[in-house]
Structure formats: structure tokens, C-alpha cells
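> structure for this input, please:
(one chain, ligands or ions: 1)
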Amino acid sequence: MPETAPVHIRQGSSIGQPLTRREALLKVTGRARYAADNHPPGMLYAVVAASSIARGRVASLDVTAAKSHPGVAEVMTPANAPKLAQDPDEKANPFTFRLDLLQNDRVRYANQAIAVVIAETLEAATEGALLLRPTYETEPAHVVFASATPFVPPSVGVGDQPKASRGDVESGLTGAEKRVDATYETAAQYHNAMEPHAIVAQWDGDRLVIDTPSQGMAMAQSRIAGLFGIDQADIHIRSPFLGGGFGSKGLISGPQVLGIMAARLVNRPVKLVLRREQMYGPVGHRAATRQSFRIGAKADGTLTALDHHTVTASSSFDDFFEPSGGVSHTLYATPALSTTYEAVRLDMGTPLFMRAPGEASGSVALEGAIDEMAESCGLDPLEFRLKNYAEVEPLTGKPFSSKALRDCYVQGAKRFGWASRPLAPRSMRDPAGLLVGWGMGTATFPALMFQAEARAELRADGTGTVDIGAHDMGQGAWTALAQIAADGVGLPLDRITFNMGTSDLPNAGIAGGSAHTATAGSAIHNAGASVIAALAALATNDERSPLFGAGNTGVLARDGRLMRRDDESRGESYSDILNRAGRHSVEGKGQAAPNPGTQQSYAMHAHGAVFAEVKVDPTLGQIRVTRLVGAFAAGRVINPRMVESQYYGGMIWGISFALHEQAITDARSGRITNANLAEYHVPVNADVPSVEAILVDEHDPHVNALGIKGVGEIGVTGTAGAIANAVWHATGHRARKTPITLDTLI
Ligand code: MOS
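Numbering: from 1, shown residues only. The predicted model follows:
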């Protein structure tokens, strides 16, 4: 019976390197092929015609006029749309969101698809859609968040429970010497990925090939298989590049499915690309919130109670509730804690995950309210936070798997120069007379793990291949995961082929929840260990190998060589092992999954501290963020350049959250009036003069074998609160509503 050597993977030369994106050259030279860049022969163009009312039904469409336009091939309406094998309103699980797929004439929100025009050219399809001239039977719509009637949701999104508490909040508040009661409001935001949702769909009988951006190919396959009644294995998804997703591409959206239906209807390949304004409705958004705090503290600044109540909005027809209360479960030590929710239903598209869903909106509110308490206790905001530093997770009492937040506070404050901050607001001016303010916020995001599989092969020519159906939505996964793959199989990066981005590769789960590197990376690492074990078994059982008998002490794999762990000078190359064994290659498989035991025992989160400087024009109220310093601890850093870039992106989104982004709904029509990048403001370079990210060392022995936490979402938390608190410090005005606009400061 062959013995199996314990494999010790030594950290090789790839993990930890600040490599640039492997596809960078393709992207900057325009050779990276995004979904909409595909033009299979015979392809037609599909354009969505969208509802201009928020509730009711479509009474008529002038299909004849549209079809008589030269170039228009077909108009898909509820009258001729392919019937689906599954009702798109059926909820298989909380992740199955209801889709509008022309199965009836109902209108549930403005911008919902009511028809699809398919034509030889994009221009003809666009013109055809205009000729439909819909009429409606309009019903009164409820679109105003502030005036709708709240109810208690049965469950909260996928991130929280409707009610959570520890200790006695009411007595904690009664006994408090200091009290903060404050309500914070955050605006609705829409995913504005540079690449809109797009699909090129081709049917071959019951086989389907689609080019479409996806953060979760296997979930998309499963949803499509159900809707069309076909085998999941007959759906081939290609998603090599995404121009951003931010959560909106985590699940296949209605318009993407409409592209597949259109291709079936005309029996030709079809391309469907949403226009920018058409993304405001059918692909999800971050719902508005109103969050009320009741916080108690002793006179010395020790918290006695924290109550965080969130009111948010879902659609009239589905359940997604922004889980803003979660941040209060983890951040500050308090003997009494409670989070509760209410929601309203609006005639809007269903909200969805959007970068740090819950944590982003929850954090700006909590960090503001905590800052108010620091002020009321006469304490420096950093001192106050350190005084209430959570040594265990406040809600659960669990120890943290690791928590270098204190280091984040210290390093961030030092780099920023926080120590010279005057306590009183409105006490700093720059030479030009602008009010200067410094504020801070704590960042937090859970360290999640999902399920994934990977495959690895080592060949006798000294090369290897690692396969995983992972997703690069622009965050650098193709680079970071390849680094893990190279070290996992013990080869230099240039000797492996690393494949991802298509659905025929092993299922990598979802690129979401900031868990992709941890999840896919763990599967890759385990596939590497498995292929090395197979290789080691060949050597340690072969008398001709210098590794013979090393089964007890184990082997190390690096640079295409296996070495004895007890004597690294004794080893040989992979090629020698395979050639002598007469093998062309060896293969291994690996999996990743959350560890229930670890989850039971530990609270697992990434943390950070963000420091902001703003300058405010005292006459005009104009606000500029002049400096941002964020220090983050998120376990092992696979590629510092990519990680830094994720933090920058998150922090810049924090600027956006604090000062720019809001969707404005017309109360009469339910339409979003600023559904374009000219009027839906996001930061440009002029809004971001200086952003620094500090990568704080953190070793986590529990989260997963590689010690990786997520970095994709945490940057947006903490930052918006820091900016709002800096605006208070500059002006003395507590902005409890984001985005903070200049009219509220004058
Ligand atoms: Mo993210 S909102 O988990 O893509």
C-alpha cells in the first residue's frame, strides 16, 4: 500500500508579490473582449422597451408600426414571448429574485421591460422600440419612501436577522448619564458599473452559449436551466472580463434572460445591451434607509446601551432588505445592544446587494451617532472608540478570529497626523479662509467563505495548469488567484496556465461578499496540495528517488521541485519524478467550504480605520475631501497592489456615498430623474485629491488555511462616516443625511 506523504506547501515566490494585473495590457489596448464585443455570424440586436409608469398594465403596443420599420425582425411581447418552464416569480430560495420576463402585461416599476425589439442593426432596434408607443392602464403607485407604511420584515436580506439583542437596552439607557438620540438617512443608490448588463446569446437546439458578465456563473446556469427547462450542463457561460459589477451581476438579471428569450424566439444569435438609464430598475439597487439610534453612556464615555433601528425599502413584489444593523453587532463594546428593522414596499425595482450591502449604509449612520456620543462626552473621537473597543464580538460574546483594529487606529492616526486635532469644531481654517475639519470612522466587513472547487495538473515537461470557474470583475482575481495557484502547485507563475472565467471549469461559487479570494483561493490551494500529494506518493514510494521513505517527515514543493522536509538538499524535480514513473501528468482536485466549527467559535471580520480631512467654503457650503487615510487589517495579503487598489476604490465610493450619490425619484411618475452619469454624481479625479491606504499586518489562523479575509467591500465602510464627521468638525453642523449637499451647510 503506497504511503501518502504529508504535504507542506511552503510560501513560494508568488503570494505577496505586488504584481500588476495580468490582463492589463489587453485592457489598455482594447483587446480584452467584454460580452458586448462579441458578434457571432447572423447576430441580431435586441433593444428593451421599458415602462414609463410605475404600476399598472400595458394596454396597447403598436407592434405593427415597429415591425414595419426596415430592419426590424421581430418584436417580443407577452403575446409571443417564449413561455418559460418555471414561473419567474417562483421563489426557490431567498437568492431567487423575481424577474420580469414578459410573461404577462403587468407593470411593477418604471423602467421594467414591456417589450424587446429585435433587428438587423442597433439603430433599427432602437427606432423600432420608439415606434411601439405603449398605452397603459395606470394604477396609483407608492414610490415615496418617507410616506409609506412600515411593516416588520420576516427576514432581512441575506445578511441579518429582523431582531437581535443582548443585555437590557432600556435599563442601559435609563441609567445613562449621556444620551444620543439621532436619526440618520441614506439615499437610494444604483450600481453604475462602467459596463452595463449585456448578453450575447446563441442557441443550438437545447444547448445555449452566452457571453455575459457574471459574478456567479454557476448560479446563473442554475437559474437559466430552471427558467428554460434545460440541463445546467447544456449552458455554457463565457465571462472572462467584467467592467464592474458591485453586486448587480451576482445573479442573472431579467434583461439578460430576455436576451436569451429573444435568441430563442428568432432562432438566431442575439445581443442585448442595456442603456445606462435602463439600469435604474431591473438590475437592483441599494435601497434608501432611515436609521434611528438611542445610545447611552456614562459620563466618562463608557457605552451603556446601543439601540439601532433601521427602516428600509423593498419592492412591492419581492423581499430584499438592506441589512444596516449588522455593523452594530460587531463594532463597539456595550453591555446592552439591540437591532431591529422595519421596511416599506415601493413600486420600484427590487433592491439588491450593492457593495457592502448593509455595512455601507449602516456604517455611515453608526459612525455618525458614535461621533455624536464622543462629542457629548467631551472626548476625542479616537479616544472614545478606543475606550469602547470590543475585545469580543458585542452581540455574540465570541472571540474574534483575529482583530488588528487597534493597529489600524494607531497607524492611520499617525499617518494622518490626528494627534494635533483640536477638539472643538470650527476651529481650523486654511490660508484661503476655508473651514477645515478632521473626522474618522471605523470600517468593518465580515470575513466570509462560500463553496468552491478547483482542479490542478502537473506535467512531465515541468509545467502545470490550474482551473477554476472564478470571476474577475475588475478587482484583480485573475492575478491574485493565479498567484495562489502558482504557490499551490509549487511552480513559478510563468510555468502555469491559470484558467478561469467560463462555466465549464470547476464551480467557484460567487464573486461576492468579499469572499472570492478566500473561497476560490482555498479551493485552489487545496487542489495544489492534492496534486502535490499525488506527485509525492510517486516519489516517496520509489527506491530510486532521493525522496524515498520521506512519507513520515513530509515533503516541500517549490520551484518545480519536491524536497524532504527534514533535509531540503534531498529532492528532485517534478519532471524527474513523472518521467521515471512513465507518467505524462498527475492531477488533483480541491474544495473550499465554510467551516461550521470555526464559524461557531469565532467572530470573523476585517477591520479598518479611516481618517478624513475636508475643507468647506463657509459662504458657499462647498465641501471638498482633501485627504483620506485608511488603515485596514484583513488577514493575509495575496497581492498588495490589488488590495491597495480595492481599498482605494472602496474609499472613493465612501466619498461618493458621503457627498455625491443619490437616485432622485419623481414622486408622480415613479421614474428616476437622474438616471445618467451626468446627473447621478460619482466622484471624478478632481473629487479625490489624496487617498492613502495602509495595509496593516494581521495573521489569522482560523478564517481559512491561507488566512485570507476580504478586501473588496470594507473600504466603503468607515469612509463615508469619517467624511460626515469631518464636515461636522469643520462646520459644527451634524449632517445626518447623505449625500451631504452644500445647501444644508449654509
Ligand atoms: Mo458584492 S455587493 O457582494 O458583489
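
> kindly export the helix or strand harbouring V311 (C-alpha atoms) in PDB.
Element membership for V311, per DSSP states H and E: strand 303-315. As requested, the backbone C-alpha atoms of strand 303-315 are provided in PDB (Å, rounded to 0.1, in the frame of the first residue of the first chain):
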ATOM      1  CA  LEU A 303     -21.200  52.900  26.500                       C
ATOM      2  CA  THR A 304     -24.100  51.500  28.500                       C
ATOM      3  CA  ALA A 305     -26.600  50.800  25.600                       C
ATOM      4  CA  LEU A 306     -26.900  50.900  21.900                       C
ATOM      5  CA  ASP A 307     -30.200  50.600  20.000                       C
ATOM      6  CA  HIS A 308     -30.100  50.700  16.200                       C
ATOM      7  CA  HIS A 309     -33.400  50.700  14.300                       C
ATOM      8  CA  THR A 310     -33.400  50.500  10.500                       C
ATOM      9  CA  VAL A 311     -36.300  51.400   8.200                       C
ATOM     10  CA  THR A 312     -35.600  50.500   4.600                       C
ATOM     11  CA  ALA A 313     -37.500  49.800   1.400                       C
ATOM     12  CA  SER A 314     -38.100  46.800  -0.700                       C
ATOM     13  CA  SER A 315     -40.100  46.400  -3.900                       C
END
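
> given that strand, what are its sheet partners and their directions?
The partner list of strand 303-315 in its sheet, established with DSSP bridges, is strand 289-297 (antiparallel), strand 337-346 (parallel).

> out of those strands, which is closest to the ligand?
strand 289-297 (15.6 Å; CB to the nearest ligand atom). In this view, the C-beta of every residue, glycine as well, is placed from N, C-alpha and C.

> state the mean pLDDT of the closest one.
Averaging pLDDT along strand 289-297 yields 98.

> which of the three states applies to the residue of the stretch 101-250 of the chain found nearest the ligand?
Ranked by CB to the nearest ligand atom, the top residue of the stretch 101-250 of the chain for proximity to the ligand is G247, at 2.7 Å. Applying DSSP: H, G, I helix; E, B strand; the rest coil to G247 yields a three-state assignment of coil.

> tell me the contacts of it?
Shown here is G247, whose contacts under the criterion CB atoms under 8 Å, 6 or more residues apart in numbering are 191, 215, 284, 352-355, 357, 512.

> hmm, try it at 6 Å
For G247, the set of contacting residues under the criterion of CB atoms under 6 Å, 6 or more residues apart in numbering consists of 353-354.

> list of residues touching the next helix or strand after the strand holding V311?
Using DSSP H and E, the helix or strand that directly follows strand 303-315 along the chain is helix 326-330. With CB under 6 Å, 6+ apart as the test, helix 326-330 has contacts from 159-160, 306, 308, 339, 358-359, 362-363, 366, 393, 395, 444, 605.

> next: stretch 654-666.
When contacts are defined by CB under 6 Å, 6+ apart, stretch 654-666 is touched by residues 143, 187-190, 623, 625, 672-674, 681-683, 716, 719-720, 723-724, 738-740.

> and the buried ones among the residues you listed, selectable in PyMOL?
Below is the selection syntax for PyMOL that covers the buried ones among the contacts of stretch 654-666, with 16 or more other CB atoms under 10 Å defining burial:
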select buried, resi 143+187+188+189+190+623+625+672+674+683+716+719+720+723+724+738+739+740
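
> let's see which of the contacts of stretch 654-666 end up in helices.
719-720, 723-724 (DSSP state H).

> filter the residues you listed by proximity to the ligand?
On the criterion CB under 6 Å from any ligand atom, none of the entries of those sits beside the ligand.

> in which helix or strand does N579 reside?
Following DSSP H and E, one finds N579 within helix 574-580.

> that helix - contacts with which helices or strands?
Contact analysis of helix 574-580 by 3 or more CB pairs under 6 Å, 6 or more residues apart in numbering; DSSP states H and E lists helix 516-540 as its packing neighbours.

> close to the ligand, is the helix it packs on?
No - applying CB under 6 Å from any ligand atom, one finds that helix 516-540 is not in contact with the ligand, the shortest distance being 9.0 Å.

> using a markdown table, please lay out the contacts of helix 326-330 together with secondary structure and distance to the ligand.
As requested, these are exported to a markdown table (DSSP: H, G, I helix; E, B strand; the rest coil; distance: CB to the nearest ligand atom, whole Å):
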| residue | secondary structure | distance to the ligand |
| --- | --- | --- |
| G159 | coil | 10 |
| D160 | strand | 14 |
| L306 | strand | 25 |
| H308 | strand | 21 |
| T339 | strand | 20 |
| G358 | coil | 10 |
| E359 | helix | 10 |
| G362 | helix | 14 |
| S363 | helix | 14 |
| L366 | helix | 19 |
| E393 | coil | 21 |
| L395 | coil | 21 |
| T444 | strand | 15 |
| H605 | strand | 15 |
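
> between these, which sits nearest E177?
When those are compared for distance to E177 (CB to CB), L306 comes out closest, at 15.3 Å.

> pLDDT score for that closest one?
pLDDT recorded at L306 is 98.

> residue contacts, it?
Under the criterion of CB under 6 Å, 6+ apart, the contact list for L306 reads 295, 328, 334, 337.

> now render these as TSV, adding distance to the ligand.
As requested, the contacts of L306 are exported to TSV (distance: CB to the nearest ligand atom, whole Å):
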residue	distance to the ligand
I295	28
S328	20
T334	28
L337	25
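
> in CSV: those residues, plus neighbour count.
Shown next, in CSV, are the contacts of L306 (neighbours: other CB atoms under 10 Å):
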residue, neighbour count
I295, 28
S328, 28
T334, 25
L337, 23
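
> ok, of those residues, which one's closest to V152?
S328 (17.7 Å).

> give me the nearest residue to that closest one, chain neighbours excluded.
Nearest in space to S328, with sequence neighbours left out and distances taken as CB to CB, 6 or more residues apart in numbering, is H308 at 4.2 Å.

> give me the beta-bridge partners of the one you found?
Per DSSP bridges, the residues bridged to H308 are F293, T339.

> residue contacts, it?
Applying CB under 6 Å, 6+ apart as the definition, the contact partners of H308 turn out to be 293, 325, 328, 339.

> good, wrapping up.
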